[in-house]
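Undergrad: I need the structure of the sequence given here:
(one chain, ligands or ions: 1)
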Amino acid sequence: MAKWKILVRPISILCAAVQNRDTGFLPTTAPPEGFKLQEMTAKESDALKTDYPENAVVVTTIPSIIYRDPPDPDGNSEWIVLGPTKQLVFKAPGYPRAVSKATGLPTYEVRLTQDMGFGMFATRDIKVGELIFAERPLLVMPANFRLLAADVPLPRNVEDIHATQMAILMQSEKTLEYAVDRMSPGNQKAFKALANMHTEDGSGPLMGIIRTNAYLIGSLYDGEKLVEPRQNGYVGICNLGSRINHRLTESCMPNVDNVFSVASFSFQFRASRDIEAGEQLFYAYCDENLTAAERKAKLARYAIVCSCAACAHATPETDKLRKEYEQLIDAHDIKSKTWTKARSVDKSTLEPLLEFQNALIKEGLHGTKKYGLLLGVLSRLYLKLGQHDNAKDCLEKLREYHNLSYIN
Ligand SMILES: C[S@@+](CC[C@H](N)C(=O)[O-])C[C@H]1O[C@@H](n2cnc3c(N)ncnc32)[C@H](O)[C@@H]1O
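TA: Below is the predicted model:
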C-alpha cells in the first residue's frame, strides 16, 4: 500500500537535496509476493510544511534551514518523522530555542579507554543535577524501525519472522542512507565515525550505528500519547552523547541521565549523582528496575557483559529491591505527607528508612530521579523529629536532584 499518492521523482535524483527542503518517502511499486528491496521515491516539499498525511514518512532538518540561511549555530538534526508529528515540535512553546550551555570550567573529555573503546570522563567535580553538556542529535528517527519499512509483508508463519526482520533492516537502511546523505559534511563524518557493534547481524552499516548508539526520547511520539517508547516513540543518535559507556565500578547504575528538550530539539546530559573529576561518565543502557538476568539479556544487544558489582553479586534480595524500590519510595512519600499534620511521629520510623536508603545506595540506585523523592521523605521526618540540620542537608541534596528533570 502506497503511503503517498503524489509522487514526483525517484530518490536517486534527490540525493543531493538541499537541507531546506523536506522529503517524503513512498515505495514506487506494490510489494511483491516474496520480499524484494524496494526503491523509494521521494517528493520534495517546503521545509516549513507541517500538514503531512498520517502515514507519510518525512525527512526534515530541525531547526529548518530556510533558503539560504546559515546553519543554526547550535547545529541541525536530520529527523525522520511520521507526517503529523512534525508539527509537535513547531508548536512547542519557545521553539526553536537555543541549546543550553554548561557553565563554569569544561566538564568532560572524550578519550580511549582500555576495554570499552572511546569513553567520556569528567574533567572536574560535577554536582548531581548539573548540566554536563547539551547537544542536538545528528539524527532522530522512529524507535519502531518497522515504520521505515511498512511495506515489508507480515511474516506468514513463525519460520518467516527472522527473514521479515532482515527485510525490515534492509529496507530501513535505504531510508537511513537518504537521511544521512542530507546531513552537513561535518555531521555526516561524525555519524559515520560512531561505534557499530552490529556488523554481523544483518544490520546495514547505518542501521548498525543506530542500534549501537540510539537513546530513547520519551517526549517525542506519534499520536495522542506515548503508548510505549519502542512502539510510537523516537530515538536520537548524538555525536558526543554516543561516547558515553555503560557501567559503574560499583554497581549497574549510571552517573549520567538525559532529558530531551523538544523546544530546543536537544538532549541535555546531567549528572545523576555527584561525580568526581576523573571519573568515567556512564549512562544505563538498560532500565535500573530490571533483575540481573534481565539486564544481562538487554546488554547482550550491545555486546556488553557487565562486570559491575551489582551484576556480579546479584542476589534474589537485590533483584527484589530493584523491582520494588520505586513503589516503595512512592508509598513512603504518600505516608510522609500525613506526618505534616500529625502531632508527632515515632522516632522508630527513622531507622528502617535509613536502612532502605543505605540499601539503595549500596545497589547504586541513588543515581535515579526517584531517589530524590526519598530525600524529600527523609527531610519531612527529620523536621518532625526536630533534627533540623539533617533536614536541611536532605533538602539541599533534593534541590540538586530536581535539576535532573530540568528542561529549558
Ligand atoms: C554508545 S557506544 C559507547 C561509546 C563507545 N565505547 C565508542 O567507542 O564510541 C556503545 C558501545 O560501547 C561499548 N561499551 C559500552 N559500555 C561498555 C562496557 N561496560 N563494557 C564494554 N564495552 C562497552 C560497546 O561496544 C557498546 O556497544
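
Undergrad: how many neighbours does whichever residue of the stretch 101-250 of the chain sits closest to the ligand have?
TA: Per C-beta to the nearest ligand atom, the residue of the stretch 101-250 of the chain with the smallest distance to the ligand is Gly117, at 2.7 Å. (C-beta placed from N, C-alpha, C; glycine too.) When neighbours are defined as other C-beta atoms under 10 Å, Gly117 has 11 of them.

Undergrad: so which bits of the stretch 301-408 of the chain are right by the ligand?
TA: Taking C-beta under 6 Å from any ligand atom as the measure of proximity, the stretch 301-408 of the chain contacts the ligand at Tyr302, Ala303, Ile304, Cys306.

Undergrad: which ones among the residues you listed lie within strands?
TA: With strands defined by DSSP state E, no entry of these lies inside them.

Undergrad: can you select the buried ones from those in ChimeraX?
TA: A single ChimeraX command is used to select the members of those judged buried by 16 or more other C-beta atoms under 10 Å:
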select :302,304,306
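
Undergrad: nearest to the ligand, out of the residues of the stretch 301-408 of the chain next to the ligand: which one, please.
TA: Of all these, the one with the least separation from the ligand (C-beta to the nearest ligand atom) is Tyr302, at 3.7 Å.

Undergrad: how does the chain divide into domains?
TA: What the record gives for the chain is the domain set 57-100+131-274, 313-403, from the TED database.

Undergrad: would you confirm that the residue of the stretch 101-250 of the chain closest to the ligand contacts Leu194?
TA: No - judged on C-beta atoms under 8 Å, Gly117 makes no contact with Leu194 at a distance of 10.2 Å.

Undergrad: okay if I get the residues of the stretch 301-408 of the chain next to the ligand as CSV plus pLDDT and distance to Val235?
TA: Listed next are these as CSV, based on pLDDT from 0 to 100; distance: C-beta to C-beta, whole Å:
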residue, pLDDT, distance to Val235
Tyr302, 72, 14
Ala303, 72, 19
Ile304, 76, 18
Cys306, 78, 22
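
Undergrad: taking the residues of the stretch 301-408 of the chain next to the ligand one by one, which sit in helices?
TA: Under the assignment DSSP state H, these contribute nothing to helices.

Undergrad: pull the most distant pair out of the residues of the stretch 301-408 of the chain next to the ligand.
TA: Ala303 and Cys306 (11.3 Å; C-beta to C-beta).

Undergrad: quick one: the helices in the stretch 101-250 of the chain?
TA: 160-182, 185-192, 205-213, 229-232 (DSSP state H, counting those that start in this stretch).

Undergrad: and stretch 54-63, how far out from the chain's middle?
TA: Average the C-alpha atoms of stretch 54-63, do the same for its chain, and the two points are 19 Å apart (C-alpha atoms, centre = their mean, to the nearest Å).

Undergrad: how far does it stretch from start to finish?
TA: Start and end residues of stretch 54-63 are separated by 22 Å (C-alpha to C-alpha, to the nearest Å).

Undergrad: now swap in stretch 86-101 and tell me
TA: Its start and end residues considered, stretch 86-101 measures 25 Å (C-alpha to C-alpha).

Undergrad: which residues touch that stretch?
TA: With C-beta atoms under 8 Å, 6 or more residues apart in numbering as the contact definition, stretch 86-101 has outside contacts at 48, 50-52, 58, 60, 62-63, 72-75, 79, 131, 134-136, 220, 261-266, 268, 408.

Undergrad: buried subset of the residues you listed as a ChimeraX selection?
TA: Only the buried members of the contacts of stretch 86-101 end up in this ChimeraX selection, burial being decided by 16+ other C-beta under 10 Å:
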select :50,52,58,60,62,63,72,74,75,79,131,134,135,136,220,261,262,263,264,265,266,268
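
Undergrad: from the contacts of stretch 86-101, which ones fall inside helices?
TA: With DSSP H as the criterion, helices contain none of these.

Undergrad: re earlier: looking at the domains of the chain, which one has the lowest mean pLDDT?
TA: Averaged per stretch, pLDDT over these is lowest on domain 57-100+131-274, reaching a mean of 88.

Undergrad: isn't Phe145 up against Met170?
TA: No - checked against C-beta under 8 Å, the pair Phe145 and Met170 is beyond contact range at 10.9 Å.

Undergrad: more neighbours: these two, which one.
TA: Phe145 (22 against 18).

Undergrad: so who does that one touch?
TA: Listed by C-beta under 8 Å, 6+ apart, the contact partners of Phe145 are Ile168, Leu169, Ser172, Met207.

Undergrad: can you redo the helices of the stretch 101-250 of the chain as a markdown table with distance to the ligand?
TA: Listed next are the helices of the stretch 101-250 of the chain as a markdown table, based on distance: least, C-beta to the nearest ligand atom, whole Å:
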| stretch | distance to the ligand |
| --- | --- |
| helix 160-182 | 17 |
| helix 185-192 | 11 |
| helix 205-213 | 4 |
| helix 229-232 | 17 |
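
Undergrad: which of these is buried the deepest?
TA: Each of the helices of the stretch 101-250 of the chain was scored by mean neighbour count; the highest is helix 205-213, a mean of 21, by mean count of other C-beta atoms under 10 Å.

Undergrad: which strand or helix spans Pro352?
TA: With elements taken from DSSP states H and E, the one containing Pro352 is helix 350-362.

Undergrad: pull the CA atoms of that helix into CSV?
TA: Output of helix 350-362 as CSV, limited to C-alpha atoms (Å, rounded to 0.1, in the frame of the first residue of the first chain):
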residue,chain,number,x,y,z
LEU,A,350,13.7,6.7,61.1
GLU,A,351,15.8,3.5,61.3
PRO,A,352,14.1,1.4,58.7
LEU,A,353,14.0,4.4,56.4
LEU,A,354,17.8,4.8,56.8
GLU,A,355,18.3,1.1,56.2
PHE,A,356,16.3,1.4,53.0
GLN,A,357,18.3,4.4,51.9
ASN,A,358,21.6,2.5,52.5
ALA,A,359,20.4,-0.5,50.6
LEU,A,360,19.5,1.9,47.6
ILE,A,361,23.0,3.5,47.8
LYS,A,362,24.7,0.1,48.0
